[in-house]
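1. sequence unknown, structure follows:
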């Protein structure tokens, strides 16, 4: 029996290595043990956001000279291909394709080239797919939950947006962050896409809700939602003070604080109180008396116009609450079914070492309001990186998981929170 190839993996499949050895004689010792390495045996795939393998290159590189001087290297392209929307190979935009060539193609799935030709039949695991027809050769295993769709249709007939991953519902991941900011949330993007998630970016709560709605429909309701963001018990945020999705209590608190701050200097100026500590005429006692009077006065003013002030602050900063998500669901804009939400930010499940005020724990409020199941951390979070226990050095990244300094919790649709008893949570299958 011969082993023909080995798949190469990082956080996802990178390519394959041609082996062609008898199993009885197979050795996994270092190929550099004799001070040489055979080039051309490793093949690496270059794919797009849907996992479609567009090009395959080898580990060889060809030197390019100009007047005897080495200028650069070019890769050895093993094969290249482009696809029609439903996955059929575009022959006029492809090269070096062969029935015994690279095995993976559309959506990164394995080709079965023996019967229907190159790239026309793909094995998705649960079902076999015909890329010429854009149809499955077997019923969707969850067809009863989609009565308005053909059980043979691929990706609810939206192949540019969705990946039909093993017959499951559409799955969405939102990275909530300020534009162009580098964060560790990006370490999860490729792994989520490989698991069939549509990964989108948002910089405000309002934009996040718009993305939720845009990536769902009554015919394809969202079942799994991942929100990667900074966070606090008051809710996920984009890493900027006063952004994101909040509990009602957090929104009121921040609206009050903002209202107090924007009126403070005006009040002090009107009452001839110096607020600059470096001013030689600054008087601490006068400042303290005026401050006490101000906060007593402004709290009363806030209570008189509380609803208006909160709404203005909310709209100005594009903040949403769980009730806004519920309203979007009720209006049919955001379609969901048995919704499960993973919040990847810090402390969105509360603080593990402090008494709880359940009114100000976002994971609880969101689950109760939207009748969903939520998963969140009690503690700070980061990508779960595997470690060499001997040296404690970080040796790789398991980008589909996040680690908590506290613990992960699960909240049911009634708002009951339970400790999951683990430090690491797989974002794509939290159970």
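-> Yes, it's here. Fair warning: this is a prediction, and the values are worked out from it, not measured in the lab.

2. for the rest of this, base every contact and every neighbour count on C-alpha atoms.
-> OK.

3. tell me the contacts of residue 410?
-> Listed by C-alpha atoms under 8 Å, 6 or more residues apart in numbering, the contact partners of residue 410 are 373-376, 417-420.

4. tabulate the residues you listed (a markdown table), appending secondary structure, distance to residue 319 and neighbour count.
-> Below are the contacts of residue 410 laid out as a markdown table (DSSP: H, G, I helix; E, B strand; the rest coil; distance: C-alpha to C-alpha, whole Å; neighbours: other C-alpha atoms under 10 Å):
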| residue | secondary structure | distance to residue 319 | neighbour count |
| --- | --- | --- | --- |
| 373 | strand | 22 | 24 |
| 374 | strand | 20 | 28 |
| 375 | strand | 21 | 27 |
| 376 | strand | 20 | 29 |
| 417 | strand | 25 | 19 |
| 418 | strand | 28 | 12 |
| 419 | strand | 29 | 12 |
| 420 | coil | 30 | 18 |
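
5. what packs against the one helix or strand residue 7 maps to?
-> According to DSSP states H and E, residue 7 maps onto strand 2-9. The contact analysis (3 or more C-alpha pairs under 8 Å, 6 or more residues apart in numbering; DSSP states H and E) places strand 2-9 against strand 13-22.

6. quick one: the strand it packs on to strand 2-9, angle?
-> Orientation check (axes from the mean of the first three to the mean of the last three C-alpha atoms, to 10 degrees): strand 13-22 against strand 2-9 gives 160 degrees.

7. buried set for strand 13-22?
-> 15-17 (16 or more other C-alpha atoms under 10 Å).

8. and that strand, average pLDDT?
-> Strand 13-22 shows a mean pLDDT of 84.

9. now do stretch 259-268
-> Mean predicted confidence for stretch 259-268 is 92.

10. swap in stretch 191-204?
-> Rounded mean pLDDT across stretch 191-204 is 85.

11. hmm, who's touching that stretch?
-> Contacts of stretch 191-204 (C-alpha under 8 Å, 6+ apart): 11-12, 49-51, 161-165, 170-179, 189, 208, 211, 215, 237-238, 243-245, 317-319, 399-400, 428.

12. buried ones from those residues, can you make that a PyMOL selection?
-> The command below creates a PyMOL selection of those among the contacts of stretch 191-204 that count as buried (16+ other C-alpha under 10 Å):
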select buried, resi 49+50+51+162+163+164+165+170+171+172+173+174+175+176+177+178+189+208+211+215+237+238+243+244+245+318+319+399+400+428
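
13. looking at the contacts of stretch 191-204, which are in strands?
-> Within the contacts of stretch 191-204, residues falling in strands by DSSP state E are 171-176, 237, 245.

14. neighbouring strands for the strand holding residue 7, and are they parallel or not?
-> Using DSSP bridges, the strands paired with strand 2-9 are strand 13-22 (antiparallel).

15. now do the helices in the stretch 101-250 of the chain.
-> 113-116, 189-194, 205-214, 248-270 (DSSP state H, counting those that start in this stretch).

16. can you pull the buried residues of the longest one?
-> Pointing back at helix 248-270 there. 248, 250-252, 254-256, 258-260, 264, 268.

17. surely residue 339 is in a strand?
-> Yes. Under DSSP: H, G, I helix; E, B strand; the rest coil, residue 339 sits within a strand.

18. got the phi and psi for residue 218?
-> Dihedral pair for residue 218: phi -60, psi -30, per degrees, to the nearest 10.

19. list the residues that contact the residue nearest to it when sequence neighbours are not counted.
-> Excluding the flanking residues, the one nearest residue 218 by C-alpha to C-alpha, 6 or more residues apart in numbering is residue 335, at 5.5 Å. Residue 335 makes contacts with 213, 216-218, 220-222, 329, as judged by C-alpha under 8 Å, 6+ apart.

20. check those residues and tell me the two furthest apart.
-> The largest separation in those, counting by C-alpha to C-alpha, is between 220 and 329 at 13.4 Å.

21. between those two, which is the more surrounded one?
-> Legend: neighbour count by other C-alpha atoms under 10 Å for residue 220 and residue 329, higher for residue 220 (20 against 16).

22. can you tell me how far that one is from residue 157?
-> 10 Å (C-alpha to C-alpha, to the nearest Å).

23. pull the longest strand from the protein.
-> Per DSSP E, the chain has its longest strand at strand 53-66.
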